[in-house]
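Asker: Sequence and computational prediction follow.
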Amino acid sequence: VSKGDAASMMCARCHSDAERMRSYGSTLPVQQWESLQSSVHGKLPGSGGGNTVSCVTCHGAHGIVRADNPSSPVSPLNAVKKCSSCHANAAYMRMFNPSLPVDQLEKYRTSVHGVRNAKGDLKAAQCVSCHGSHGILRAADAKSQVNPVNLPATCATCHSDASYMKEYGIPTDQYDKFSRSVHGVALLQKHDASAPACNRCHGNHGAAPPGVASISNVCGTCHALNAELFAGSPQPRQEAMQAKSRDGLVQYVLLGLAVGVISGLTGIGAIRSAGDGYIDPYRVALGLAAAAAKRKAVVHEQSPVVR
């Protein structure tokens, strides 16, 4: 039984033959084997001296089905599991690149893309969407889809497609705006690798929109002096005081309702006998008071510390 490169070469006998593939009505590209050989998986020989990854590694052997088949290991909903079967194995990855993280899957599952993928959204980005498939290259390679200079265009493949993104209700002009910004000009036109691409602000495997409270921290990872000056300015304290004020207002409203419930129900004779559907105003009031206390705890947790 052929293994490793020998197995891939067996696959290539058909899949690299354009005429033969056309005879089967296939529109698949016929450069997969060549792409694999020049990819990061092809340039890192395994213990057997061949490519690290072969066709069988990802597609399987006897039970191969189309990539759009839900049972395929390379379908959009299964690809992350297939990739992590190697990339989440610290002992295995240490043989090739000890510095490469092995927690990508865990981070991905916390991201907007990962959460949607786990819910069955076939359109949500997964490993192949960003890194490619047969021709995956190191991020530092100038031709890699996730190289900093190329990454905005990779993200824009989905995020600039209005029809593709319609159901998500978010803007699709981010790339156009970014390309005209000071960051975009530096990165895309001047090829300044220190300029931020999408992932520098949103994250990569754990990509998520930065919250309002974290924007100053995100920007501060590069603009350290500005972040220090901002932290010492009145604005953060003012935001904290506003949050505290809002918290106090909510508590007063809820406690006021509690008092009103007791007075109102008692005053209009709404307290009826147990057999007639007894309403306990004190329990209602306690519920409102508990809601006020809970609101206070939540706002306190989310508010910045007042210095």
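Answerer: That came in fine, so what should we check first?

Asker: Could you use CA atoms for every contact and neighbour count after this?
Answerer: Will do.

Asker: count of neighbours near residue 193?
Answerer: Using other C-alpha atoms under 10 Å, residue 193 has 13 neighbouring residues.

Asker: Wait, it touches residue 187, no?
Answerer: Yes. Using C-alpha atoms under 8 Å, residue 193 is in contact with residue 187, at 6.3 Å.

Asker: Now do the shared contacts for the two.
Answerer: 148, 149 (C-alpha atoms under 8 Å, 6 or more residues apart in numbering).

Asker: what about residue 121, is that helix, strand or coil?
Answerer: coil (DSSP: H, G, I helix; E, B strand; the rest coil).

Asker: Apart from its chain neighbours, what residue comes closest to it?
Answerer: In this structure, residue 121 finds its nearest non-sequential neighbour in residue 77, 7.9 Å apart by C-alpha to C-alpha, 6 or more residues apart in numbering.

Asker: which residues of the stretch 1-150 of the chain score low on pLDDT?
Answerer: Residues of the stretch 1-150 of the chain meeting the criterion pLDDT under 70: 1-2, 44-51.

Asker: Now do the helices in it.
Answerer: In the stretch 1-150 of the chain, the helices defined using DSSP state H, counting those that start in this stretch lie at 4-15, 18-23, 32-38, 40-43, 55-59, 79-87, 90-94, 104-110, 112-118, 127-131.

Asker: circling back to that earlier point, any idea how far residue 83 is from the residue nearest to residue 121?
Answerer: 12 Å (C-alpha to C-alpha, to the nearest Å).

Asker: Same question for residue 137.
Answerer: 14 Å.

Asker: Let me see the contact set for residue 92.
Answerer: residue 86.

Asker: neighbour count winner among residue 137 and residue 83?
Answerer: residue 137 (24 against 18).

Asker: The more buried one contacts residue 144, doesn't it?
Answerer: Yes. Residue 137 is within contact range of residue 144, at 5.2 Å (criterion: C-alpha under 8 Å).

Asker: overlap in contacts of those two?
Answerer: residue 131.

Asker: what's around residue 152, how many residues?
Answerer: Residue 152: 24 neighbours (other C-alpha under 10 Å).

Asker: how about it, secondary structure?
Answerer: Applying three-state DSSP: residue 152 is helix.

Asker: Grab the nearest non-local neighbour of residue 165.
Answerer: Nearest to residue 165 is residue 159, by C-alpha to C-alpha, 6+ apart, at 6.5 Å.

Asker: The one you found touches residue 166, doesn't it?
Answerer: No. Residue 159 is not in contact with residue 166 according to C-alpha under 8 Å; the separation is 9.9 Å.

Asker: Sketch out the low-pLDDT regions of the stretch 151-300 of the chain for me.
Answerer: Using pLDDT under 70, the stretch 151-300 of the chain drops low at 235-300.

Asker: at 90 what do you get?
Answerer: 193, 208-218, 226-300 (pLDDT under 90).

Asker: mind listing the helices for it?
Answerer: 151-159, 162-165, 174-180, 182-184, 198-202, 215-220, 224-231, 234-267, 281-302.

Asker: sorry, back to before: for residue 159 and residue 166, indicate the residue with more neighbours.
Answerer: More crowded of residue 159 and residue 166, by other C-alpha under 10 Å: residue 159, with 20 against 12.

Asker: Just list the residues touching the more buried one, thanks.
Answerer: 165, 171, 172, 173, 174, 175.
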